[in-house]
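S.K.: no FASTA, just this:
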Ligand code: GAP
């Protein structure tokens, strides 16, 4: 079992983080000034370390924009709050992360199967799942400055974690806020509207005439696409319980408090895996998936000290156990993924609402039962943000500083940069690029000094730079420079593909 970070072991960092959360932090794009901004509350009160972390977050947002990872959405129209577009480098990174997840949880599992369900689903799905009735946040508006807040967040921040709003009713939260004169973080007044439950699902209508229009929803999670296809997958793949169904796809939530760059957005991608099993085995599988989820994060390069489990105190009435893995973002410890033991709630509810039996007949024991589900869910965008934070380093060299993104080579956007030492080597360097790019994403750069070109590649985390130089014509070799160690070695051009291949495996 891997030892993880604990609140005690990271007390120093944790303290700083709490301070930050208390003071609030918002990151985004200032389209007027055409630069990223980071509002970090009353910065003067932030501890030094914390301030450094927030500066780094600001720098990461900046790097994302300037190096083609992530751009503000609809920027030329002054943007649309909390929407972000992946650029040429970011799309490669996110695709590689999604591929690594699929490889781990689908490709390398004999009995996990993928699906790609539609975003729009029959509205009864959301009744059965409980989303129509209760997928909501407790929203309060400040009557003075008209900003909108989540009551649970106000209490968490005010009480510095000593009060648990998860265990309170709306009335109890209203009373706590009134009794303690909890102030609006924006204007400092304490003049709140009552709490209203704000459903997070985006809806639209479908139909060709006004009269015949039906309300439909943009899915708030991909999981339901896996549950409603349980029978289809089981039959078509002749799957035997236990087995898994996985999916990667878009989800939409009208979040009350989106923000912190791509951490919480209104449109995002989820990677979800549902494991269908017998009730007696479910708790063991729950523990297994907690471990698998962690092992996956370690395998793509996370430091174990930056990850910790957070078991949920308050469980949904149907859940038997639930936990998150949290990551130490520059904004503090926050959820990265969730693992949930959901009992037979999902399939039973779909059985009840659709009238179709979701029971599985065990061919060995002749037992008929509705399987339990162990769910593992992680946001692809949230994971990409965590990967960016984990990879970022500003390194002090002897006579220089460099920004380097230490991505695991398997998820690095480009594997190789091909650099002719001088323009007269362009033709040959292009031949090397043509050969390598049959196998991996490569980039080509012939502008500026070789040192500047190395720095540009460091900033986008390219693990290998291949330089075609004066000797290459005669010795048939190129210089390969490795990103993290900056070590260089001469490698035969004929061996380059296998050299890189061996070093980028997951
Ligand atoms: N099917 C279970 C489910 O959706 P969740 O905890 O609501 O559970 C799972 O979401 C994961 O999806 C989270 O751990 C997070 O990584 C990601 N996620 C949720 N809401 C998000 C948002 N508004 N923006 C970005 N990622 C989000």
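M.R.: That came in fine, so what should we check first? Because the structure is predicted, anything quoted here is derived from the model rather than measured.

S.K.: Please name the bridge partners of the closest residue to residue 479 other than its chain neighbours.
M.R.: Distances taken as CB to CB, 6 or more residues apart in numbering put residue 467 closest to residue 479, at 4.5 Å, once the chain neighbours are dropped. The way it works is simple: take the backbone N, C-alpha and C, and place the C-beta from them, glycine included. Legend: beta-bridge partners of residue 467 under DSSP bridges are residue 419, residue 479.

S.K.: unless I'm mixing things up, residue 467 is touching residue 490, no?
M.R.: No. The pair formed by residue 467 and residue 490 falls short of the contact definition of CB atoms under 8 Å, at 10.2 Å.

S.K.: so what sits against both of these two?
M.R.: In terms of CB atoms under 8 Å, 6 or more residues apart in numbering, residue 467 and residue 490 are both contacted by the residues 478, 479.

S.K.: And the two? Which one has more around it.
M.R.: residue 467 (21 against 13; other CB atoms under 10 Å).

S.K.: Output the below-cut-off pLDDT ranges for the stretch 401-506 of the chain.
M.R.: Applying pLDDT under 70 to the stretch 401-506 of the chain picks out no residues at all.

S.K.: which residues in it form helices?
M.R.: With DSSP state H, counting those that start in this stretch as the criterion, the stretch 401-506 of the chain has helices at 426-436, 450-459, 472-475, 496-503.

S.K.: same question, the stretch 51-200 of the chain
M.R.: Using DSSP H, counting those that start in this stretch, the helices of the stretch 51-200 of the chain run over residues 88-102, 123-129, 131-134, 151-159, 170-179.

S.K.: between these, which gets nearest to residue 255?
M.R.: Nearest to residue 255, of all the helices of the stretch 51-200 of the chain, is helix 151-159, at 11.3 Å by CB to CB.

S.K.: Enumerate the positions of that closest one that are buried.
M.R.: For helix 151-159, a neighbour-count test (16 or more other CB atoms under 10 Å) marks 151, 152, 153, 154, 155, 156, 157, 158 as buried.

S.K.: could you dump these to JSON lines with distance to the ligand?
M.R.: Formatted as JSON lines, the buried residues of helix 151-159 follow (distance: CB to the nearest ligand atom, whole Å):
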{"residue": "151", "distance to the ligand": "18"}
{"residue": "152", "distance to the ligand": "14"}
{"residue": "153", "distance to the ligand": "14"}
{"residue": "154", "distance to the ligand": "19"}
{"residue": "155", "distance to the ligand": "20"}
{"residue": "156", "distance to the ligand": "17"}
{"residue": "157", "distance to the ligand": "19"}
{"residue": "158", "distance to the ligand": "23"}
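
S.K.: which stretch of helix or strand covers residue 272?
M.R.: Under the criterion of DSSP states H and E, residue 272 resides in strand 267-277.

S.K.: The closest residue to the ligand within the stretch 351-500 of the chain bridge partners, please.
M.R.: For the stretch 351-500 of the chain and the ligand, the shortest gap (CB to the nearest ligand atom) falls at residue 379, measuring 2.8 Å. Per DSSP bridges, the residues bridged to residue 379 are residue 270.

S.K.: Tell me how many other residues surround it.
M.R.: There are 23 residues near residue 379, going by other CB under 10 Å.

S.K.: same deal with residue 335?
M.R.: Counted with other CB under 10 Å, the neighbours of residue 335 add up to 17.

S.K.: switch to numbering from 756
M.R.: That works, and once the first residue is 756, the last one we named lands at residue 1090.

S.K.: between the host helix or strand of it and strand 1022-1032, how big is the angle?
M.R.: Element membership for residue 1090, per DSSP H and E: strand 1087-1096. Angle, strand 1087-1096 to strand 1022-1032, by axes from the mean of the first three to the mean of the last three CA atoms, to 10 degrees: 40 degrees.

S.K.: what about residue 1016, distance to residue 878?
M.R.: 33 Å (CB to CB, to the nearest Å).

S.K.: So between the two, which is more surrounded?
M.R.: residue 1016 (28 against 16).

S.K.: tell me the pLDDT at the more buried one?
M.R.: On pLDDT, residue 1016 comes in at 96.

S.K.: ok, now residue 967?
M.R.: For residue 967, pLDDT reads 64.

S.K.: Residues of this protein that sit close to the ligand?
M.R.: With CB under 6 Å from any ligand atom as the criterion, the chain meets the ligand at residues 976, 978, 1008, 1010, 1019-1020, 1023, 1025, 1027, 1090-1093, 1130, 1132-1134, 1136-1137.

S.K.: Recalculate using a threshold of 5 Å.
M.R.: 976, 978, 1008, 1010, 1019-1020, 1023, 1090, 1092-1093, 1132, 1134, 1137 (CB under 5 Å from any ligand atom).

S.K.: I figured the residue of the stretch 1106-1255 of the chain closest to the ligand hits residue 1023, correct?
M.R.: Yes. Taking contacts as CB under 8 Å, residue 1134 lies within contact range of residue 1023: 5.4 Å.

S.K.: OK, contacts around the spatially most central residue of the chain?
M.R.: Nearest to the mean C-alpha position of the chain, counting by CA atoms, centre = their mean, stands residue 1137 at 2.0 Å. With contacts defined as CB under 8 Å, 6+ apart, the neighbours of residue 1137 are 1017, 1018, 1023, 1090, 1091, 1092.
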